[in-house]
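>>> with the sequence up front, the predicted model follows.
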Amino acid sequence: MAANRPLSKSELQQKLRRKAVRFFKAHDVESKLESLLNEMFAAQPSDVYGYMSEYFHSLSLEPVISGIKIREILDTSGDKAVEVDLYCTIDGVSKKVSSWVSSFGGEADVERIISTTEESLSHTLKKIPVKNQKDIDQLLEENVTSDKSLAQAVSYAAATGAAMLSKIPLYRHITIKEEAEALTPLPLLSMLAFGRHSSAKLRFSEFLLSPASTIDVIEQVQKLIVVYKNLWKTFTEKHGPSGVPITSFGAYCPVIDKVDPVLELLQESCREAGLQQDHVNIWINVTADHMFDQDKGKYELCTGVWKATDDLVNIYCDLQQAHPNIKGFINPFHSHDSTAWQKLATRLQDQECLLISGADLTDKLMYPEQLEPGSEQPQELPSVNCASLNVLNTITVSNLHHKTEKLKAVSASHTIMTDLSLIHTHSQAKDLAEMAIGLGYNYIKLGAPRGLHTTTLSTLFNRTSWSCTFQ
């Protein structure tokens, strides 16, 4: 009976003390406290408790994911989107560390996605170190099979959160080659849009400007912003206070039916802003897939005006000869018209003019095994000397890494462009720009120099103070 008697208060206290001793010894608390007190006495810090906080933080476990919160929002286009907040256990406490917005568009049932995914995904990712990007992305690919935008939001939030907790810039955290110098991509700024954006007859999609790479980039971008403002002044003087329509990415949509007047307008606006021809590059986003008629075997240059492949090759060459600062043509031909790509490359080989494949064609060339059964495999295009990767269409950060490395492995001579013209938030604009720096892209295609895209520009320029140099 005596063995079962309740412990007295003093006996309970002794038992607890023995447990405490074992616990603190197991975690080496006594020696750590002794070291802290000795170091702190020697340092004599003015902020004693701040010093202690930093000391204990250095001994704490690495941050691990504690959960996610998902909520429905509207993006800048008014489409449905989700914002994912990522929480991590830091110093024993669950804290929000980052967030990311991904757009769904259309009629996505975001409420269903939240109700069916938030709890299960939090459980799946719980206790995964936030720095283990590959592990996180693998779990996302295995468990989020239908809602790709949600997987992207979680993956990108993990990358930005890990960089923040590591107290390093995102571009350093995501870099492919740690020893390499960070190179800042040159920004391409959208000025004028036609094709499906405009009521003009001209079918070319877009005209962009960028600084030449051998000059003061920041100063020249500031002048390109003046060019953009001068264009608006020109349009309002001609068409009244309403000016001309503007695309969702900020480019003006004037009614100009031929290519030559468009280029003359851009050149004149650059001169008015103090930009000489050799200080600015022109890029023409043709998007020829939308111009090509399979039955006719021709391209619709302007509404009702059809051109054979050789004619279009001649037009591009004539444009480049008349305007030597045309730096590149984006998607100048249909993705399967490899003969045309080769002809143009041969004609322009001495002009330092880039032929750029769009993101869809780039994916087809890198991943022929993913083509739908029965679809035509585009031939290899050795004439493509710049490939475009769409960061916003890439599901996870690990997938983006893989695509970039695969493209660089296919051809070391390729330069890489990424399209950030459809970004939706200021934080997204900043973070995606840093990812482009870290992944070593040569060019960033942006919208017009206004709104969100000025955030991207600011990010590029601010990073130059962190030993980044422009391409």
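Cool, the structure landed.

>>> then Phe329 would be within a strand, right?
Yes - assessed by DSSP: H, G, I helix; E, B strand; the rest coil, Phe329 belongs to a strand.

>>> please identify the buried residues of stretch 192-201?
For stretch 192-201, the buried set under the neighbour-count rule, 16 or more other CB atoms under 10 Å, comprises 192-195, 197-198, 200-201. From N, CA and C alone the C-beta is placed, and that goes for glycine too.

>>> give me the mean pLDDT for that stretch.
Taken as a whole, stretch 192-201 has a mean pLDDT of 90.

>>> pLDDT weak spots in the stretch 201-350 of the chain?
Within the stretch 201-350 of the chain, the stretches with pLDDT under 70 are 213-215.

>>> which SSE is Phe23 in?
Taking DSSP states H and E as the criterion, Phe23 maps to helix 9-26.

>>> kindly report the same for Tyr51.
Here Tyr51, judged by DSSP H and E, is contained in helix 48-59.

>>> buried residues in that helix, which are they?
For helix 48-59, by 16+ other CB under 10 Å, it's Tyr51.

>>> with stretch 135-146 instead?
Of the residues in stretch 135-146, those buried (16+ other CB under 10 Å) are 136-137, 139-141, 144.

>>> same check, this time on stretch 77-89
Buried-residue list, stretch 77-89, by 16+ other CB under 10 Å: 80-89.

>>> repeat that for stretch 218-229.
For stretch 218-229, by 16+ other CB under 10 Å, it's 220-221, 223-228.

>>> now swap in stretch 254-271 and tell me
Buried residues in stretch 254-271, counted by 16+ other CB under 10 Å: 254, 256, 259, 262-263, 265-267, 269-270.

>>> what do you get for stretch 115-135?
By 16+ other CB under 10 Å, the buried positions in stretch 115-135 come out as 117-118, 121-122, 124-125, 128, 130-133.

>>> again with stretch 230-244
231, 234-235, 243-244.

>>> and of the residues you listed, the nearest to Lys327?
Nearest to Lys327 out of the buried residues of stretch 230-244 is Leu231 (CB to CB; 19.3 Å).

>>> give the other helices and strands that the longest helix anywhere in the chain contacts.
Using DSSP state H, we find that the single longest helix of the chain is helix 217-239. Applying 3 or more CB pairs under 8 Å, 6 or more residues apart in numbering; DSSP states H and E, we find helix 217-239 packed against strand 186-193, strand 206-211, helix 259-272, helix 452-463.

>>> for Ile128, give its distance to Tyr156.
16 Å (CB to CB, to the nearest Å).

>>> switch the buried residues of stretch 115-135 over to a markdown table; also include distance to Leu422 and secondary structure.
Below are the buried residues of stretch 115-135 laid out as a markdown table (distance: CB to CB, whole Å; DSSP: H, G, I helix; E, B strand; the rest coil):
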| residue | distance to Leu422 | secondary structure |
| --- | --- | --- |
| Thr117 | 24 | helix |
| Glu118 | 26 | helix |
| Leu121 | 26 | helix |
| Ser122 | 29 | helix |
| Thr124 | 30 | helix |
| Leu125 | 28 | helix |
| Ile128 | 30 | coil |
| Val130 | 28 | coil |
| Lys131 | 29 | coil |
| Asn132 | 30 | coil |
| Gln133 | 24 | helix |
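
>>> picking that back up, what's the following helix or strand past the helix holding Phe23 in contact with?
Note on helix 9-26: by DSSP H and E, the next helix or strand toward the C-terminus is helix 29-43. With CB atoms under 8 Å, 6 or more residues apart in numbering as the test, helix 29-43 has contacts from 24, 48, 51-52, 55-56, 59.

>>> and of those residues, the nearest to Ile416?
Comparing the contacts of helix 29-43 against Ile416 with CB to CB picks out Leu59 as the nearest, at 42.0 Å.

>>> picking up where we left off before, next, the angle helix 29-43 makes with the helix holding Tyr51.
Helix 48-59 and helix 29-43 are oriented at 130 degrees to each other (axes from the mean of the first three to the mean of the last three CA atoms, to 10 degrees).

>>> now for helix 48-59, which elements pack on it?
With 3+ CB pairs under 8 Å, 6+ apart as the test, helix 48-59 has helix 29-43 packed against it.

>>> angle of the helix it packs on against helix 9-26?
Angle, helix 29-43 to helix 9-26, by the same axes, to 10 degrees: 70 degrees.

>>> first vs last residue of stretch 418-429, how far apart are they?
One end of stretch 418-429 sits 13 Å from the other (CA to CA, to the nearest Å).

>>> next, count neighbours for Gly297.
Close neighbours of Gly297, defined as other CB atoms under 10 Å, add up to 12.

>>> gap between it and Thr309?
Plainly put, Gly297 is 8 Å away from Thr309 if you go by CB to CB.

>>> kindly report the same for Asn385.
Asn385 is 19 Å from Thr309, by CB to CB.

>>> could you do Thr234 as well?
Distance from Thr234 to Thr309, counting by CB to CB: 35 Å.

>>> likewise Asp260?
Applying CB to CB, the value for Asp260 to Thr309 is 21 Å.

>>> do Asp337 as well
Asp337 sits 6 Å away from Thr309, going by CB to CB.

>>> report the contact partners of Ala200.
The contact partners of Ala200, by CB under 8 Å, 6+ apart, come to 194, 253-257.

>>> what about 7 Å?
194, 254-257 (CB atoms under 7 Å, 6 or more residues apart in numbering).

>>> tabulate the residues you listed in a markdown table, adding columns for secondary structure and distance to Lys148.
Listed next are these as a markdown table, based on DSSP: H, G, I helix; E, B strand; the rest coil; distance: CB to CB, whole Å:
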| residue | secondary structure | distance to Lys148 |
| --- | --- | --- |
| Phe194 | coil | 31 |
| Pro254 | coil | 37 |
| Val255 | coil | 38 |
| Ile256 | coil | 38 |
| Asp257 | coil | 40 |
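
>>> which of those sits closest to Thr459?
Closest approach to Thr459 among the contacts of Ala200 (CB to CB): Phe194, at 29.1 Å.

>>> now the closest one: closest residue in space, sequence neighbours ignored.
Among residues not flanking Phe194 along the chain, Leu202 sits closest, at 4.4 Å (CB to CB, 6 or more residues apart in numbering).

>>> tally of neighbours for that neighbour?
Neighbour count for Leu202, taken as other CB under 10 Å: 22.

>>> over to the one 10 residues further on?
Number of residues near Ala212 (other CB under 10 Å) recorded here: 17.

>>> and it, how far from Thr396?
For Ala212, the distance to Thr396 equals 35 Å [CB to CB].

>>> could you find the residue nearest the spatial middle of the chain?
Centroid-nearest residue in the chain, with CA atoms, centre = their mean: Leu432, separated by 3.2 Å.

>>> who's the closest residue in space to Val154 that isn't next to it in sequence bridged to?
Leaving aside its chain neighbours, Val154 sits nearest to Val84 (5.4 Å; criterion: CB to CB, 6+ apart). When assigned by DSSP bridges, Val84 has beta-bridge partners Ile70, Trp100.
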